[in-house]
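Predicted model and sequence follow; I will ask about them next.
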Amino acid sequence: MLFMGTYTPKLDEKGRLFLPAKFRDRLAEGLVVTQGQENCLVVWPSDVFAEEAERAASRPMTNKAARRYARVLFAGGDEGTPDKQGRIGIPAHLRDYAGLDRDVVVIGVRDRLEIWNPDRWREFQEDAMGDFIDLDEDDD
């Protein structure tokens with residue numbers, strides 16, 4: 001299953017997020033929420049996270065960038081499963097990192113979901129669309 005689309009659920013007062021219904025079955029066996037780049041959160045299905053963990057482990061720990069990536073990936077991570085209503089808890093440290101309050105944007109990105117602060121998502125989209133419009137396959 002490919003994750004795609006843009007959704008605007010809300011966090012409840014306990015920091016729980018209703019996952020978009022179309023993604024719940026894929027995430028029912030387990031997931032990992034961790035820090036992403038550009039101050040978003042990443043929701044990985046457990047099996048995909050395991051693959052990412054293997055990629056991180058395959059890089060030599062003598063490589064500074066590999067150590068840094070592994071630390072961020074694992075230190076901020078939180079494992080879980082959606083509850084019967086399709087909600088997942090987002091720990092306070094991850095909400096703080098991503099600047100999440102009540103309103104959020106959830107986007108599908110192929111093999112994962114990303115959770116964004118709506119203002120940061122708009123800023124990112126504006127910036128990225130300029131690059132997207134200017135894409136030219138002849139540029140190297």
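Arrived safely. Numbering: from 1, shown residues only.

so what pLDDT did Val72 get?
Looking at Val72, its pLDDT reads 89.

what separates it from Glu51, distance-wise?
Separation of Val72 from Glu51 (C-beta to C-beta, to the nearest Å): 17 Å. All C-beta atoms are positioned from the backbone trio N, CA, C, and that covers glycine.

and the longest helix for this structure?
Longest helix in the chain, counting residues (DSSP state H): helix 118-133.

buried stuff in that helix?
The neighbour-count check on helix 118-133 (16 or more other C-beta atoms under 10 Å) flags 120-121, 124 as buried.

ok, now stretch 76-91?
Neighbour-count burial for stretch 76-91, counted by 16+ other C-beta under 10 Å, picks out 76-77, 80, 82, 86-90.

Please apply the same query to stretch 18-28.
By 16+ other C-beta under 10 Å, the buried positions in stretch 18-28 come out as 18-20, 23, 26-27.

Toward the C-terminus, what is the element adjacent to the one helix or strand Lys22 maps to?
Element membership for Lys22 (DSSP states H and E) is helix 21-27. Sequence order places strand 31-35 as the next helix or strand after helix 21-27, per DSSP H and E.
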